[in-house]
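Colleague: Based on what follows, work out the 3D shape:
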Amino acid sequence: MPDQNNRRISTRRDQQEVLSLTIISTSRNPELLGKKLNGSTVDISATGLRIKLSSALPADSTINMSIELKDDPSEFFLSGKVRWCRVIEAEDTYQAGVVLHAIMNTETDYKRWREIVK
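Modeller: Sure thing, here's the model as predicted:
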């Protein structure tokens, strides 16, 4: 069971991968709907990831992502919720924490991701 300082339920591993994502909903910044962003992962786990982008993502946004891993050349289509986003001033980038989830009535690779990344 996770402690109060570390609420992660899955072990994360440092892994940098190319990432592209599309914001599909956000209650805070409607002008971001449909916006496509490119970046990379910083670390990944079966239930989430930390990503690096040139643009900020609003917390509580739901996003669709397309990820390709070095060890599995097939593309993963995933959905998740942005939990936090911070500026990394030294790099002029942003990092965001995303919790992955399945979407009702939509085909995703969430189950396959969990099996490969666990």
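Colleague: Poorly predicted segments of this structure, please.
Modeller: 1-9 (pLDDT under 70).
Colleague: So which residues of it form strands?
Modeller: Remark: strands of the chain, listed N- to C-terminal, are 13-14, 18-25, 36-44, 48-53, 62-69, 72-88, 93-101; assignment by DSSP state E.
Colleague: In terms of secondary structure, what does the third one contact?
Modeller: So the one you mean is strand 36-44. Taking 3 or more CB pairs under 8 Å, 6 or more residues apart in numbering; DSSP states H and E as contact, the helices and strands that strand 36-44 lies on are strand 13-14, strand 18-25, strand 48-53. All C-beta spots, glycine's among them, are computed from the backbone N, C-alpha and C.
Colleague: Could you export those as TSV, including distance to residue 85 and mean neighbour count?
Modeller: Rendered in TSV, the data for the helices and strands packed on strand 36-44 read as follows (distance: least, CB to CB, whole Å; neighbours: other CB atoms under 10 Å):
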stretch	distance to residue 85	mean neighbour count
strand 13-14	19	9
strand 18-25	12	17
strand 48-53	9	21
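Colleague: Among the ones you listed, which comes closest to residue 65?
Modeller: Taking CB to CB as the measure, the helices and strands packed on strand 36-44 were each checked against residue 65, and strand 18-25 came out nearest at 4.2 Å.
Colleague: No further queries at this time; thank you.
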